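**Student:** Sequence and computational prediction follow.
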Amino acid sequence: MNYAKDFSRVTQSMGSSMIRELVASTKNIEGLISFAGGFPAPATFPKDTLAELYKKVVQEDGYDVLQYGASEGDRQLKAELIKWEGYPITPEEMLITVGATNAIYLYSRALLDPGDVVICEAPTFLGSLVVFDSIQAELVSVPINDDGISIQHLEAAVQRCKQAGKRVKFIYTIPDFHNPGGVTMSMARRRELIAFAIRNEIGILEDNPYSRLRFSGEPLPTLYQVNRDEFAGFEVVTEVVSFSKILGPGMRMSFAKGAKSLIAKMESWQQKVNVTPDCVSQRVVARFLADGHMEGHLKMVNEHYAPYLKTMLDKLEEYMPEGVKWTKPQGGIFVWLELPKHISADDIFPKAAENKVSFIPGSKFYPVGQEEFNTLRLNFTFSSFEQIDTGIRRLAELLKAL
Ligand SMILES: Cc1ncc(COP(=O)(O)O)c(C=O)c1O
């Protein structure tokens, strides 16, 4: 059977992941130091506690959790998550999902028709762009600066879409420890963004896998919290929180919070796509929270990562030539580099691989046709201190030679 002739038009238009291809292209280079991936450090996975909890949950709650569960998610987990979040949300304002990517898909399914516009930040997380693309949304990117998404550019972009008769359905943003941009949206910008979304009746999809990975500085309230606290009655923000970088991405655990009416439609899509999230893992996370493991665990994760970030920032300072700039995040897992305008990170990628160091060229984090080339992303959570030292030195030497 030749399936190729039967693939849907959307399937036919899908490319393979450029990032996966780039990472694969350097896989067999011996001694390569890679800052390319976005993997959390295995040392941060609470393996022993989870092993105990999985056993306990199946032994004690097996007849319940091995059965089909509710599409909205486990009620016990929701109750624990609501306590963890620390402000009153009803279970109907929350949906448990199979990772953030799945929540982003369900949200997009609930809101998008082909041709609708999604405003995304430039740069942004490629994994979400491909989700929006799979529903045939039009992607319009708006630059970010040190304070987060530029409201001035956002206003202009929305205006242009309206004039062209297009419907802007939502703004996709990563306010805390941006992937790949490394920046955190300021408090003033959070307020401005929400006020803008309310004025224009546009939703905000807040993607939050990293806010709890804060190693220094004061945490800021999420957009969802600011929306509830300061703009009560205008429910524009839907926040997606992932446990991928907290407990381990293999668990595929996350949750979304938003307006009841929208959460209900996302649940309806969940019924069709997943039936239910994994009931065993949901109860394990519920127990992890109920037994009080989360606080100490997050402290351990952040204490583990902080010196890796410090090493990367110190080594950048020590080795990089003048003209190269980088973000100085207080958490998350990425640092974003800006090279002089005439240098393309795509062009230097193969040379860097020859010199046994790799990264993701920044151009891969923009919608097609809206790329910037003089940027690159570095991950600091998957290399040793020694590798960070050697890898940054190799990269700096290459840039100096240019
Ligand atoms: C901004 C952002 N959103 C979503 C995801 C995917 O999260 P999940 O593993 O929960 O699907 C990632 C993972 O790297 C990410 O960086």
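**Tutor:** Yes, it's here.

**Student:** Quick check on Ser34: phi, psi?
**Tutor:** When read as degrees, to the nearest 10, the backbone of Ser34 gives phi -110, psi 120.

**Student:** how close does it get to Thr327?
**Tutor:** 20 Å (CB to CB, to the nearest Å). All C-beta atoms are positioned from the backbone trio N, CA, C, and that covers glycine.

**Student:** what residue ranges in the protein score low on pLDDT?
**Tutor:** Along the chain, no part satisfies pLDDT under 70.

**Student:** Just checking the lengthiest strand in it against the ligand, any contact.
**Tutor:** Of all the elements of type strand in the chain, the one with the most residues (DSSP state E) is strand 138-145. No - using CB under 6 Å from any ligand atom, strand 138-145 stays clear of the ligand, coming no nearer than 12.9 Å.

**Student:** next SSE after that strand?
**Tutor:** Scanning forward in sequence from strand 138-145 by DSSP states H and E, the next helix or strand is strand 148-149.

**Student:** Off-centre distance for stretch 83-96?
**Tutor:** 20 Å (CA atoms, centre = their mean, to the nearest Å).

**Student:** do it and the ligand meet?
**Tutor:** No - against the ligand, stretch 83-96 shows no contacts by CB under 6 Å from any ligand atom, the least distance being 12.0 Å.

**Student:** Please renumber the chain so that the first residue is 51 from this point on.
**Tutor:** With the count now opening at 51, the last piece we talked about shows up as stretch 133-146.

**Student:** Now do that stretch: everything it contacts.
**Tutor:** With contact meaning CB atoms under 8 Å, 6 or more residues apart in numbering, stretch 133-146 is reached by 122-125, 127-129, 131-132, 153, 156, 275, 278, 303-310, 313-314, 316-317, 320, 327, 332, 339, 344.

**Student:** Pull out the buried positions in that stretch.
**Tutor:** In terms of neighbour count (16 or more other CB atoms under 10 Å), stretch 133-146 has its buried residues at 135, 139, 141, 143-146.

**Student:** Not counting its neighbours along the chain, what's nearest whichever residue of the stretch 301-450 of the chain sits closest to the ligand?
**Tutor:** Using CB to the nearest ligand atom, Ser304 is the residue of the stretch 301-450 of the chain that sits closest to the ligand, at 4.8 Å. Leaving out its chain neighbours, the residue that sits closest to Ser304 by CB to CB, 6 or more residues apart in numbering is Ser292, at 4.1 Å.

**Student:** Burial check on Gly165, number of neighbours?
**Tutor:** Using other CB atoms under 10 Å, Gly165 has 10 other residues around it.
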